[in-house]
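A.B. asks: Build me a structure from this.
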Amino acid sequence: MTELAESLVERGLEVTALAGRGRYNGGERLAPSESLRGVRIERAWSTSFGKRSTLGRISDYLSFYLGASWRMLRLPRHELVMALTTPPLIGLVALAVGRLRQMRVVMLVQDVYPDIAIALGALSARNPATRVIDWISRRTLKRADRIVVLSQCMRDRIAAKIGAERVSRIDVIHNWADGSDIRPLAKNEPNPFAKANNLDSSFVVLFSGNLGRVNEFSTVLEAARLLRGRGDIVFLFVGDGAKTREIEEFTLQHKLTNVRLLPYQPRAQLRYSLAAGHASLVTLADGLAGLSVPSKAYAIMAAGRPMLFVGDARSETARIIETNGCGAVARSGESGRLASIIEDWAANGTKIEEMGRAARALFEERFDRQQAVEAYVQSFEKCLSNVESPAGDSVAREAKSDREAEANL
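C.D. replies: Modelled structure (predicted):
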């Protein structure tokens with residue numbers, strides 16, 4: 001979202017980001033407001049109990065909804081407001097204030113709630129609270145002026161929620177990476193990350209990012225166990241999250257020396273940390289195709305590395321890999337197949353290079369930053385143009401180009 005906001009400012013739009021004051025990984029709270037590269041940032045007050053208890057988490061959510069509503073009411077009126085799906089139901093705040101202040105409303109669906117929580121077992125489909133959340137989510141999506149989703153599979157999920165008559169409001173815009181920031185390392189270019197972590201002489205199977213509940217690690221860890229006799233193959237997890245303990249416990253239980261964990265790395269090191277992986281893992285738990293889209297795939301393609309997808313083979317990422325020959329797909333439980341693929345790749349550097357080139361070529365063709373930004377601008381222009389409002393009113397507006405309009409977001 002930072003890259004999108006900055007790119008919109010570069011196109012002459014006025015952009016305000018409304019967020020919370022807490023950091024992703026905890027620590028000192030952020031300032032109530034500031035400006036960053038032309039983007040105005042406003043941070044709403046909320047409690048900060050964290051994830052230690054259910055009540056504390058509910059308090060954090062509810063207080064943020066209230067704080068965000070108050071902040072939106074006090075901000076200068078904008079022509080358009082875009083809301084994400086995290087935290088759940090924040091779109092209701094955007095819709096309520098947006099309608100009150102006559103702002104157009106776009107919903108950006110990153111994860112489908114409460115479906116994803118049900119699929120992960122965090123919520124029961126029969127729970128009355130779950131049904132209320134689902135009802136609110138559907139109503140919010142139905143009343144939005146425009147909906148952006150991350151894949152065709154996700155589009156199908158949302159279409160089933162809002163009805164066929166509203167499908168024309170859905171735009172599919174993939175996540176992206178910045179191809180000028182993340183790019184392949186030249187063959188003889190030194191890699192300070194690999195050198196600092198003694199990875200130069202190993203074939204590295206890399207997972208980089210949030211080790212979250214949506215990921216499928218049991219198949220990967222079992223493959224690591226099967227390959228524990230290969231001292232030249234290392235499974236490297238860079239990041240943190242809800243499944244960190246699962247990885248640590250499996251590694252200790254089976255006394256694996258070929259599995260390593262490192263904390264999140266500085267953004268400036270991302271190009272080098274991604275390049276340290278000869279094969280990069282993308283995983284998604286079964287049942288989550290169309291509910292969540294692994295965004296790390298785009299950075300991997302930008303780095304020119306082949307992908308190893310593990311999990312729900314119906315996902316968009318699996319389809320991209322199989323269609324474009326930039327990696328391989330293993331279903332959940334196919335640990336033996338995954339281990340065989342890794343052994344084959346470790347013995348065949350030419351194959352790795354070919355798949356890496358295919359990944360970068362596909363990235364440049366479809367998934368670079370500017371292509372995604374252009375797609376968002378087009379979606380916003382549709383939203384501000386002559387479209388049918390959720391209330392059934394015909395709202396006629398002259399389309400404004402991003403270069404001519406003094407619109408703001």
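
A.B. asks: got a pLDDT number for the residue of the chain most remote from its centre?
C.D. replies: What lies farthest from the middle of the chain is Gly229; by Cα atoms, centre = their mean that is 34.7 Å. Confidence at Gly229, expressed as pLDDT, is 95.

A.B. asks: Gly20 too?
C.D. replies: 91.

A.B. asks: For it, grab phi and psi.
C.D. replies: Here is the backbone geometry of Gly20 (degrees, to the nearest 10): phi -90, psi 170.

A.B. asks: List the beta-bridge partners for it.
C.D. replies: Beta-bridge partners of Gly20, counted by DSSP bridges, are Ala44.

A.B. asks: and it, how many residues sit next to it?
C.D. replies: By the measure other Cβ atoms under 10 Å, the count of residues near Gly20 is 18. Every C-beta, even on glycine, is put in place using the N, C-alpha and C of the backbone.

A.B. asks: residue contacts, it?
C.D. replies: With contacts defined as Cβ atoms under 8 Å, 6 or more residues apart in numbering, Gly20 is in contact with 43-44, 46, 64, 67-68.

A.B. asks: Who wins on neighbours among the residues you listed?
C.D. replies: Ala68 (24 neighbours).

A.B. asks: For that residue, which non-adjacent residue is spatially closest?
C.D. replies: Ala44 (4.4 Å; Cβ to Cβ, 6 or more residues apart in numbering).

A.B. asks: Equivalent analysis for Asn191, please.
C.D. replies: Tyr272 (5.2 Å).

A.B. asks: Repeat that for Leu150.
C.D. replies: Leu150's closest residue in space is Val293 (Cβ to Cβ, 6+ apart), at 4.1 Å.

A.B. asks: For the one you found, the count of nearby residues, please.
C.D. replies: 24.

A.B. asks: In this structure it contacts Met154, no?
C.D. replies: Yes. Using Cβ atoms under 8 Å, Val293 is in contact with Met154, at 6.4 Å.

A.B. asks: any residues in contact with both of the two?
C.D. replies: Glu316.

A.B. asks: picking up where we left off before, in a markdown table, list the contacts of Gly20 along with distance to Glu343 and pLDDT.
C.D. replies: As requested, the contacts of Gly20 are exported to a markdown table (distance: Cβ to Cβ, whole Å; pLDDT from 0 to 100):
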| residue | distance to Glu343 | pLDDT |
| --- | --- | --- |
| Arg43 | 49 | 96 |
| Ala44 | 51 | 94 |
| Ser46 | 49 | 90 |
| Phe64 | 48 | 93 |
| Gly67 | 53 | 95 |
| Ala68 | 50 | 95 |
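
A.B. asks: I'd like those residues as TSV, with distance to Ala125 appended.
C.D. replies: Shown next, in TSV, are the contacts of Gly20 (distance: Cβ to Cβ, whole Å):
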residue	distance to Ala125
Arg43	35
Ala44	31
Ser46	29
Phe64	26
Gly67	31
Ala68	28
